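**Q** I'll drop the sequence and a predicted model, then ask my questions.
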Amino acid sequence: MPDKDENLSHEDRIVWEKVTRTVTAYDGRTPSRAIPESMADLMAQPEPPVRKKRIETVGPAAPPPKKASNPQIHSIERPTWRKIKKGRITIDARIDLHGLIRAEAHNLLHGFLVQARERGMRHVLVITGKGRSGSSEGVLRRDVPQWLEKAEFRLLVSGVETSAPGHGGDGALYVRLRRQSDMQRDNG
């Protein structure tokens, strides 16, 4: 007669052995390794099939399809950055987040970007400041680029780049907003 332990998976055997170590028999016998009736009923259920990953070596993998609701943010191209720096492309609006706490700055920035995009603006300047001391990075200087990567901002922003020294350098960001037509094309 085959042992009932043969039907157990490796993980189930480990668990069962731990359980049997903590149990003492009523009549002084050592606990058997047999599966109780209630466990046998559970073990009779078939295990889900194991899916094996198939590896294809035909060619490079195709990139996953882009979701319209989750667009990517790219850096602003170098020629565009230079034109903004030299004033050939105007900065349509600017927001200064100096002295604000994180929550205030986050809400204010989101509202500003929504309004700027609704008004058809394309390039805005977000001033975060460089921080309180020269040796440490400011909280907003660190957090604002991370916020712009989140889904709620990706629908508004198409590009981000550190500004030129004349516009604040490391303490400010050029932000290119998505056009209304870009989003309609992506969703359609």
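**A** Nice, thanks for sending it over.

**Q** need the contact list for residue 117.
**A** For residue 117, the contacting residues are 156, 177, 178, 180, by C-beta atoms under 8 Å, 6 or more residues apart in numbering. No exception for glycine: its C-beta is placed from N, CA and C like everyone else's.

**Q** Using the three-state scheme, assign it.
**A** Secondary structure state of residue 117, per DSSP: H, G, I helix; E, B strand; the rest coil, is helix.

**Q** now residue 125
**A** Going by three-state DSSP: residue 125 is strand.

**Q** For it, name its beta-bridge partners.
**A** residue 94, residue 174 (DSSP bridges).

**Q** what would the contacts of residue 117 look like in a markdown table with neighbour count?
**A** Listed next are those as a markdown table, based on neighbours: other C-beta atoms under 10 Å:
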| residue | neighbour count |
| --- | --- |
| 156 | 21 |
| 177 | 23 |
| 178 | 19 |
| 180 | 11 |
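
**Q** nearest to residue 147, of those residues?
**A** residue 156 (11.0 Å; C-beta to C-beta).

**Q** So that closest one is in contact with residue 114, correct?
**A** Yes: counting by C-beta atoms under 8 Å, residue 156 does reach residue 114; the two are 6.5 Å apart.
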